[in-house]
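A.B. asks: Could you work out the structure for the sequence below:
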Amino acid sequence: MTEYLVRRLLQSVLVLFLITLVAFGLIHAAPGGPTQMMLSPGLSPEALKVQAHNLGLDQPIHIQYIRWLGNMLQGDLGHTFKNNMPVGDILWPTVGNTLVLMGVAWLLSLIIAIPWGIYNSTSTYGISDQIASFVSYVGFAMPAFWFGILLQELFALKLNWLPLSDMWAMGQEGNIGNLILHLLMPVTVLSLGFLAAYAKYSRSSMLEVLDQDYIRTARAKGVAERKVIFRHALRNALIPIITVLGLDLPILVGGATLTERVFNWPGMGRLFIEMAVAREYSVLMAITIITAVMVIIGNLVADILYAIVDPRVQLGRKGGKAA
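C.D. replies: As a prediction, this is how the structure comes out:
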């Protein structure tokens, strides 16, 4: 187990290094990249050379990369080009706001979708199963931003039951009740997408497991159906679901960009759009690195959970896992 974790950690560090290398190279090679943004327009050629030297922009790109990487490893994410603000001061509050929004939507979806999918696998093509299929089709097909606008039109503008946007009402910062009111619509939009995926995966995975020979044997021996479902089938059915959850983990930090934009939620997704428009490349690089780290963590957590859920999966062998 320890050997496997060390190996995976080294692999993750290598992958993260390659991601930073590629992202840094692409951003600095793009027309109108950081070099042009950091140099003040209207200066004479001599003054531009002096400014470029002071900022280190006259050095080879690999030297610039090493300097940037060293600063990042020390916790310095850089400064914005236009107002010279520390990137961390802008970024970290939005990460927390996104975690609140996405975490609530994610947990709510799990609580509803997985039990619902398990129940539907035991009563296929019933009313509940048909409703779940309809919800899944709607969740996959309907654009999140359009659904959000519909909710705003109905509950905020016509009925005036819920606030239209933002995270807090003015003067209500820190009020949990006010936060819940602001969460209701964006969480509904995001939960529909998660719910559609998790309910489908849970149902399909359970149906596949329930068709196995050992399940039929357990039933033939007279084992209670409840015990068959929760003791014998559920552990194996959870493995594909864990894979999906591991892949979705970065979304909790990356945020739902369009949903945050529609509801003016001060999260990292909305920040990414604003910084892309403003060409604040230092902020974009920081968001890219955070998202990459979460992808790596998500995959590592999924691998560990495989061994916890299914005793046949053993970590530490050649190849990472073996049945």
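A.B. asks: just the helices in the stretch 201-323 of the chain please.
C.D. replies: All helices of the stretch 201-323 of the chain, identified by DSSP state H, counting those that start in this stretch, fall at 213-220, 225-227, 234-254, 257-262, 268-278, 281-309.
A.B. asks: and residue 240, what does it touch?
C.D. replies: When contacts are counted by CB atoms under 8 Å, 6 or more residues apart in numbering, residue 240 touches 201, 204-205. All C-beta spots, glycine's among them, are computed from the backbone N, C-alpha and C.
A.B. asks: sec struct for residue 83, please.
C.D. replies: coil (DSSP: H, G, I helix; E, B strand; the rest coil).
A.B. asks: Could I get the pLDDT score of it?
C.D. replies: On the pLDDT scale, residue 83 is placed at 80.
A.B. asks: what about it, how many neighbours?
C.D. replies: 8 (other CB atoms under 10 Å).
A.B. asks: Over to residue 232?
C.D. replies: Residue 232, neighbours per other CB under 10 Å, totals 19.
A.B. asks: what about the closest residue to it other than its chain neighbours, distance to residue 17?
C.D. replies: Excluding the flanking residues, the one nearest residue 232 by CB to CB, 6 or more residues apart in numbering is residue 218, at 5.4 Å. Between residue 218 and residue 17 the distance is 48 Å, computed by CB to CB, to the nearest Å.
A.B. asks: So which of the two has more stuff around it?
C.D. replies: Per other CB under 10 Å, whichever of residue 218 and residue 17 has more neighbours is residue 218, with 18 against 11.
A.B. asks: tell me the contacts of the more buried one?
C.D. replies: So residue 218 contacts 227-228, 232 (CB under 8 Å, 6+ apart).
A.B. asks: quick one: least confident of those?
C.D. replies: residue 232 (79).
A.B. asks: any idea how far it is from residue 118?
C.D. replies: 13 Å.
A.B. asks: Do I have it right that residue 297 meets residue 249?
C.D. replies: Yes: the criterion here is CB atoms under 8 Å, and residue 297 meets it with residue 249 at 6.7 Å.
A.B. asks: Which residues are in contact with each of the two?
C.D. replies: What both residue 297 and residue 249 touch, as defined by CB under 8 Å, 6+ apart, is an empty set.
A.B. asks: Show me which of those two is the more surrounded one.
C.D. replies: residue 249 (21 against 15).
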